[in-house]
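**Student:** Here's a sequence, model it:
(one chain, ligands or ions: 2)
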Amino acid sequence: MKLSIAVLPGDGIGPEVTNQAIKALKAIALEFNHDFKFTKADVGAIAIDNYNNPLPDETLNLCKSSDAVLFGAIGHPKYDNNPAAKIRPEQGLLKLRKELGLYANIRPVKAYETLLDKSPLKKNIIQGTDISIYRELTGGIYFGEKHLSEDGNEASDLCVYSRNEIERITHLAFQAAQNRNNKVTLVDKANVLESSRLWRKVVGEVAAQYSDVDLDFLFVDNAAMQMILNPKQFDVILTENMFGDIISDEASVIGGSIGLLASASVGDKYAMFEPIHGSFPQATGKGIANPIASILSAAMLLDHFELLSEAELIRLAVEKSLKLDITTPDINTKFENVTTSRVGEFIEDFISNPNETNLNFTNIHLGQSTII
Ligand code: IPM
Ligand code: MG
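**Tutor:** Ligands and ions are numbered 1, 2, ... in the order given. Here you go, the predicted structure:
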């Protein structure tokens, strides 16, 4: 298959982790005879530095003319600590999601057998967890009207949803549930928010078309508690933009590190693949950022184009790296020197030699792995 992929590495650790995803995709292209073309462009703080615009036209046009977008991370402390900044890196990502119509953000969360001890949560609570979060991505409080009074003492952000915005992601969530464990949980705050009551009404109506899927409802405060009390109860979680943002960071604790969580952002026309983590400025350039979220986002890209064996091979390689502790320090307690690019190289190697069960892994963290 021929695919043109726009690569938007972004800020902080974005470039380092995205490079590892590209290595994995290139290895896949080689093994399966695909033709993947990668073109890079700036977004976020780096784009503000270079173009005074967090989403330059060149970048947006590249994304629109590509088959898919691979996104790194966005954000820089100089903006986080300056609430008065009018131009902010995050605007680049939000505009990109809106312009590409990426209304559904799919965030899989699972407890890897080999990482059960890495989570601060008890093993018996997280073991077997397998959740798919469907987060609405182009509406709600993120995109509603914003207001700051002239004297700077009053501010508001409006949370608006229309029936159509709710319906389209709800269909995707129910279809996903049909291929999973036939359960959708709508997370909202319908006891307080009018917008949540609209969600309940519309989701309830759509649910009637999916008689094989159970629907239940949870208020977001309770959902936050249930997520760490009994995450196994969830199959597909459907929720609005901000609740999805918060609950997915919380859910990442189950996997052992936020550096493992990938996502796909899809709409009717375009698709973008992005780790759920941020730009982790403190780690930039140190080689300690976990590239697995980005690599698994690349696997979701392959899934999107129905390259299922290819995606599966990436996941197998990731699982192997986790099993052998070829991982970065956020989850590695055994080896000290496994860098971001070392993990990428291991995964790349595995893709090229998936049947080589005799790799000599003892020195792999030093970059001295050999096939024996
Ligand atoms: C995410 C991030 C973004 C969001 C930020 C960087 C704007 O936290 O993708 O979860 O809030 O959507
Ligand atoms: Mg977030």
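
**Student:** What parts of the stretch 201-350 of the chain come near ligand 1?
**Tutor:** Within the stretch 201-350 of the chain, the positions near ligand 1 by Cβ under 6 Å from any ligand atom are Asp245, Ile276, Gly278. To be clear about C-beta, it is placed using only N, CA and C from the backbone, and glycine gets the same treatment.

**Student:** Whatever helix or strand Lys98 lives in packs against which elements?
**Tutor:** Using DSSP states H and E, Lys98 falls within helix 89-99. Other helices and strands packing on helix 89-99, by 3 or more Cβ pairs under 8 Å, 6 or more residues apart in numbering; DSSP states H and E, are strand 2-10, helix 45-51, helix 57-65, strand 68-73.

**Student:** Which other helices and strands does the shortest one contact?
**Tutor:** It stands for strand 68-73. Applying 3+ Cβ pairs under 8 Å, 6+ apart, we find strand 68-73 packed against strand 2-10, helix 14-32, helix 89-99, strand 271-273, helix 292-304.

**Student:** got it, and the first one?
**Tutor:** Counting contacts by 3+ Cβ pairs under 8 Å, 6+ apart, strand 2-10 is packed against helix 14-32, strand 35-40, helix 57-65, strand 68-73, helix 89-99.

**Student:** give me that answer again for 7 Å
**Tutor:** helix 14-32, strand 35-40, helix 57-65, strand 68-73 (3 or more Cβ pairs under 7 Å, 6 or more residues apart in numbering; DSSP states H and E).

**Student:** for those, which one sits closest to Ser341?
**Tutor:** helix 14-32 (6.5 Å; Cβ to Cβ).

**Student:** How about that closest one and ligand 1, touching?
**Tutor:** No: figure legend: helix 14-32 not in contact with ligand 1 (Cβ under 6 Å from any ligand atom); closest approach 10.8 Å.

**Student:** residues of the helix holding Lys98 that come out buried?
**Tutor:** Buried positions in helix 89-99, judged by neighbour count with 16 or more other Cβ atoms under 10 Å: Pro89, Glu90, Gln91, Gly92, Leu93, Leu94, Lys95, Leu96, Arg97, Lys98.

**Student:** and the residues of the stretch 201-350 of the chain next to ligand 1, which are buried?
**Tutor:** Neighbour counting by 16+ other Cβ under 10 Å classes Asp245, Ile276, Gly278 among these as buried.

**Student:** between the residues you listed, which is closest to Glu312?
**Tutor:** Of all these, Ile276 has the smallest distance to Glu312: 21.4 Å, by Cβ to Cβ.

**Student:** ok, that closest one to Glu240 distance?
**Tutor:** Ile276 sits 16 Å away from Glu240, going by Cβ to Cβ, to the nearest Å.

**Student:** picking that back up, mind checking which of the buried ones among the residues of the stretch 201-350 of the chain next to ligand 1 land in strands?
**Tutor:** With strands identified by DSSP state E, none of the entries of these belong to them.

**Student:** Dump the residues you listed into JSON lines; add pLDDT as well.
**Tutor:** Formatted as JSON lines, these follow (pLDDT from 0 to 100):
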{"residue": "Asp245", "pLDDT": "97"}
{"residue": "Ile276", "pLDDT": "94"}
{"residue": "Gly278", "pLDDT": "95"}
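
**Student:** thinking again about what came up before, now the helices and strands packed on strand 68-73 as a markdown table including mean pLDDT?
**Tutor:** Formatted as a markdown table, the helices and strands packed on strand 68-73 follow (pLDDT from 0 to 100):
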| stretch | mean pLDDT |
| --- | --- |
| strand 2-10 | 98 |
| helix 14-32 | 98 |
| helix 89-99 | 97 |
| strand 271-273 | 98 |
| helix 292-304 | 98 |
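
**Student:** do you know which of these lies nearest Lys334?
**Tutor:** Nearest of the helices and strands packed on strand 68-73 to Lys334, taken as Cβ to Cβ: helix 292-304 at 16.3 Å.
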